[in-house]
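Novice: Fold the stuff below for me.
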Amino acid sequence: MTTISLNPAVNILAPQITNNLSSQKQKYYAQNAAKLLESSLPSPNETTNEIDNLLLGENENIRDLYCVTFIGYSGQKYEDFAGVKETIKSKLEGCLRDNPDKQVVVACGGTSVGIGGVYDVVAGDAFLKNNIKCIGIVSELASEQDLFQDRDDFKVGIVRVPDPKQSWQTKLTDGDQEYQAMLYPAHKYGGEVMAFGAGGIGYEEVKEGINKGIETTMFPSQPDRTLLQEKINAGKKFADLCPLLHHEFGLNG
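Specialist: Residues are numbered from 1 along each chain as shown. A predicted model of the protein is given here:
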């Protein structure tokens, strides 16, 4: 494992009303320098090398990076997808404004559905498209049809993570430990995590990001109600389908 260090910051939990997710409150954890100092990156491997190459290319002297990891629903989609995308656009504009000397990077799950709409947000705005690099980190189980389809003027670099347990998770094995590959860009190069709701896999990533001291913002975004109701009717529990909403915002469906 490789130990990293970043500038100190105070860890704060501060719900506040912002953005275009109506009047819903977001939950915010500031960067925690002490946790970052204690946390470790995984030992270099084929997956981390592939991510590094996408971010840096052949020029390791590239300007500093600011990596934003987006976590959220995939198959469950969103009840207010337009509102989520509007908020994402506003947040990315803020990242560019606050980091003028850095290359802003979007890391998401590589697919085009649900939170993968972040790629469409970037691709559909000339300013964002010209200033943001996008990558996707996804389980090797994903088919080509599942992934965001590149366009002539916009491409997403895809990294497939080995998934021997066929869990659809993007965990790296490092000795006797596991590491969430989705967090690697923000953890190594600096940045933050934004979670617009989350299912089970996404919520595990969010919790690990907080535990590592990465700046994290959670939004109580609701999944598509029709798809959610279908799963509840099939016997699944709201707390299992939407654990971030349940555990972080006290919602029960």
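Novice: Now do the same for residue 167: helix, strand or coil?
Specialist: coil (DSSP: H, G, I helix; E, B strand; the rest coil).
Novice: That one: what's its closest spatial neighbour, skipping adjacent residues?
Specialist: Take residue 167 and drop its neighbours on the chain: the residue closest to it by CB to CB, 6 or more residues apart in numbering is residue 139, 7.5 Å away. C-betas here are computed from N, CA, C, even on glycine.
Novice: ok, now residue 63?
Specialist: residue 103 (5.7 Å).
Novice: Next: residue 125.
Specialist: Closest to residue 125 by CB to CB, 6+ apart is residue 89, at 6.5 Å.
Novice: Looks to me like the one you found is in a helix.
Specialist: Yes. Residue 89 forms part of a helix when assessed by three-state DSSP.
Novice: Which parts of the chain are helices?
Specialist: Secondary structure of the chain (DSSP state H): helices at 33-38, 46-56, 81-98, 117-123, 126-131, 184-189, 200-211, 225-233, 238-241, 243-249.
Novice: Which strands or helices does the longest one pack on?
Specialist: Packed against helix 81-98, as judged by 3 or more CB pairs under 8 Å, 6 or more residues apart in numbering; DSSP states H and E, are the following elements: strand 65-72, strand 103-108, helix 117-123, helix 126-131, strand 191-196.
Novice: let's see it at 7 Å
Specialist: The helices and strands touching helix 81-98, judged by 3 or more CB pairs under 7 Å, 6 or more residues apart in numbering; DSSP states H and E, are helix 117-123.
Novice: From the contact counts, what lies against the helix it packs on?
Specialist: helix 81-98, strand 103-108, helix 126-131, strand 132-139.
Novice: which of the ones you listed is buried the deepest?
Specialist: strand 103-108 (a mean of 24; mean count of other CB atoms under 10 Å).
Novice: what about the residue nearest to residue 167, distance to residue 201?
Specialist: 9 Å (CB to CB, to the nearest Å).
Novice: The residue nearest to residue 155 when sequence neighbours are not counted bridge partners, please.
Specialist: Closest residue to residue 155 apart from its sequence neighbours, by CB to CB, 6+ apart: residue 134 at 7.8 Å. On the basis of DSSP bridges, residue 134 is bridged to residue 106.
Novice: List the contacts of the residue nearest the centre of the chain.
Specialist: In the chain, the centroid-proximal residue (CA atoms, centre = their mean) is residue 70; its distance is 2.5 Å. Under the criterion of CB atoms under 7 Å, 6 or more residues apart in numbering, the neighbours of residue 70 are 106, 108, 115, 118, 194.
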